[in-house]
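Visitor: okay, sequence plus prediction incoming.
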Amino acid sequence: MKRIKLFEAFVKAYGEKIKKEEFEHIAVGSTVKYMTSDFTVEESDGVILILKHAKSGKKIQVNYNMFNEKGAIVSNS
């Protein structure tokens with residue numbers, strides 16, 4: 001499979017699955033993408049993430065399955 005280099009490096013690309021243990025360790029303050037928008041992780045209890053939209057400030061709740069389907073983790077490096 002060929003890989004296309006993107007401008008942003010992803011730890012988890014859209015549609016890729018991560019383990020439940022990895023989801024539980026997403027740190028508060030991390031930058032993630034959900035449905036192609038940038039969000040900051042405001043709260044994490046290992047089951048639900050509370051995400052704050054980078055521009056509007058609107059908060060949404062996302063569970064493990066929702067994040068696996070429509071989320072991506074942006075590399076901080």
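Guide: Received the coordinates, thanks.
Visitor: which regions of the chain sit below the pLDDT cut-off?
Guide: Across the chain, the ranges flagged by pLDDT under 70 are 1-10, 76-77.
Visitor: most centrally placed residue in it?
Guide: V32 (3.7 Å; Cα atoms, centre = their mean).
Visitor: that one is in contact with I50, isn't it?
Guide: No: using Cβ atoms under 8 Å as the test, V32 is too far from I50 to be in contact (11.5 Å). Every residue, glycine included, has its C-beta placed from N, CA and C.
Visitor: which neighbours do these two share?
Guide: Residues touching both V32 and I50 by Cβ atoms under 8 Å, 6 or more residues apart in numbering: V41.
Visitor: so what's the residue nearest to the centre of the chain up against?
Guide: Contacts of V32 by Cβ under 8 Å, 6+ apart are 26, 38-41, 49, 51, 67, 71-74.
Visitor: show me what it is bridged to.
Guide: With DSSP bridges applied, V32 shows beta-bridge pairing to F39, I73.
Visitor: returning to that earlier point: I'd like the contacts of V32 as CSV, with distance to I18 appended.
Guide: Putting the contacts of V32 into CSV (distance: Cβ to Cβ, whole Å) gives the following:
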residue, distance to I18
I26, 9
D38, 19
F39, 16
T40, 18
V41, 14
L49, 12
L51, 16
F67, 8
G71, 9
A72, 10
I73, 8
V74, 14
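Visitor: from those residues, keep the buried residues only.
Guide: For the contacts of V32, a burial check counting by 16 or more other Cβ atoms under 10 Å picks out 26, 39-41, 49, 51, 67, 71-74.
Visitor: pull the number of nearby residues for T31.
Guide: Neighbourhood size, T31 [other Cβ atoms under 10 Å]: 14.
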